[in-house]
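Student: below is the sequence, then the predicted model.
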Amino acid sequence: MLKKVNLKDLSKLETKIDADTIHRYNFPKLVKKSIQELQGLSTAIIYDGKIDDSEIELINSWLYKHEEYLTEYPLYDLNILFKDIFADKVITTDERKKLFDFLNSIAAAPSSEAVVEGIFEENPEIIFNSKYFLFTGKLVLGSRSKAQEKVLELGGFCQKGLNLQTDYLVVGDLGSEDYKYSRFGSKIEGAIKYNREKNTNILIVKEKDFVNSAIGQ
C-alpha cells in the first residue's frame, strides 16, 4: 500500500534541495568575496607596521564568522597560524611577526600584478630530467611554447593541467586573465591544495628561477 505523501513535507524538502543547490553554485563566489575581504582587512591592519591585541582578536573573530571557507587558501593557512598562536594562550613577539608577515603577503596591493611572495619556493634547485612541468600566467621572457620546448630539450615533460604527477608549477606574470582572483590563480590554489590534502610536493616557482635553471643546464 502506497504511503500518502505529505505535500507540506515535500515542499520543505524541495526548498532545502533548492537552497543547497544555490549554495553550492554560489560557493566559489562566496570564497572569492571572503578572500578579497581578508585582503582588505589585512591591508588596514598592517598599515601602521604593527599588530596589537585588539587587531588579533578582530582577525580571530573574522575567521570564526567565515569558518565555512577555512578549507580554502589563504584562510586555511591563516587559521592554522592562529591555532599555533593561541595554543599556549601567550602571544609572543615572534608570533606577532609571523602573523604580520603573513598578512603582509596577502594584503591587497596597489597593482593587480603584485605577487604573493610567500607561495614561491626560495632558491629552488630545479631538475628537468624526467620531471613534469606546468606553466601558468603570461611569461615575460617569451612564449609558453618556447619554455615548453626547453623543458623537452632538457629531458622533462610538459602538462596541460595540474595532477598528482606535477613536479613544478612555473608562474609567469600574475596580470594574466587566467587568474581566478586579483592575486591568487586557480592553478596555484590547486597546487597548494594538492600539497596539503594529497601529500604531493609540487614546487611553485617563479619564471626567473625556471629560466636561470634552464640556462645553467
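Tutor: In hand now; what should we look at? Numbers count the residues shown, from 1 in each chain.

Student: how about Y76, what does it touch?
Tutor: By Cβ atoms under 8 Å, 6 or more residues apart in numbering, the contact set of Y76 is L70, R196. C-beta: built from backbone N, CA, C; applies to glycine.

Student: for E95, which non-adjacent residue is closest in space?
Tutor: Distances taken as Cβ to Cβ, 6 or more residues apart in numbering place I85 nearest to E95, at 4.8 Å, with adjacent residues excluded.

Student: report how many residues lie close to the one you found.
Tutor: 19 (other Cβ atoms under 10 Å).

Student: residues contacting it?
Tutor: Residues in contact with I85, defined by Cβ under 8 Å, 6+ apart, are I56, I91, E95, K98, L99.

Student: what is the most widely separated pair among these?
Tutor: Across those, the longest distance by Cβ to Cβ is 11.8 Å; it joins I56 and K98.

Student: of the two, which one has the most company?
Tutor: A count of neighbours by other Cβ under 10 Å puts I56 above the other of I56 and K98, at 18 against 14.

Student: quick check: domain ranges of this structure?
Tutor: As assigned by automatic domain parsing, the chain contains the domains 7-106, 117-215.

Student: reformat the ones you listed as TSV; add mean pLDDT.
Tutor: What follows is those, written out as TSV (pLDDT from 0 to 100):
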stretch	mean pLDDT
domain 7-106	83
domain 117-215	84
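
Student: just name the most buried of those.
Tutor: The highest mean neighbour count among those belongs to domain 117-215 (a mean of 16), with neighbours defined as mean count of other Cβ atoms under 10 Å.

Student: next one: it to chain centre, how far?
Tutor: A distance of 14 Å separates the centroid of the chain from that of domain 117-215, by Cα atoms, centre = their mean, to the nearest Å.

Student: go on, stretch 27-37?
Tutor: Relative to its chain's centre, stretch 27-37 lies at 12 Å (Cα atoms, centre = their mean).

Student: can you check stretch 52-59 too?
Tutor: Between the mean C-alpha point of stretch 52-59 and the mean C-alpha point of its chain there is a distance of 23 Å (Cα atoms, centre = their mean).

Student: which stretches of this protein form strands?
Tutor: 132-136, 157-158, 168-171, 203-206 (DSSP state E).

Student: now render those strands as TSV, adding distance to N79.
Tutor: Listed next are the strands of the chain as TSV, based on distance: least, Cβ to Cβ, whole Å:
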stretch	distance to N79
strand 132-136	26
strand 157-158	35
strand 168-171	24
strand 203-206	21
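
Student: quick one: closest of those strands to Y64.
Tutor: Closest approach to Y64 among the strands of the chain (Cβ to Cβ): strand 203-206, 29.3 Å.

Student: export that closest one to CSV, keeping only CA atoms.
Tutor: As requested, the backbone C-alpha atoms of strand 203-206 are provided in CSV (Å, rounded to 0.1, in the frame of the first residue of the first chain):
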residue,chain,number,x,y,z
LEU,A,203,57.1,23.2,-6.2
ILE,A,204,55.6,26.6,-7.2
VAL,A,205,58.5,28.5,-8.8
LYS,A,206,58.9,31.9,-10.4
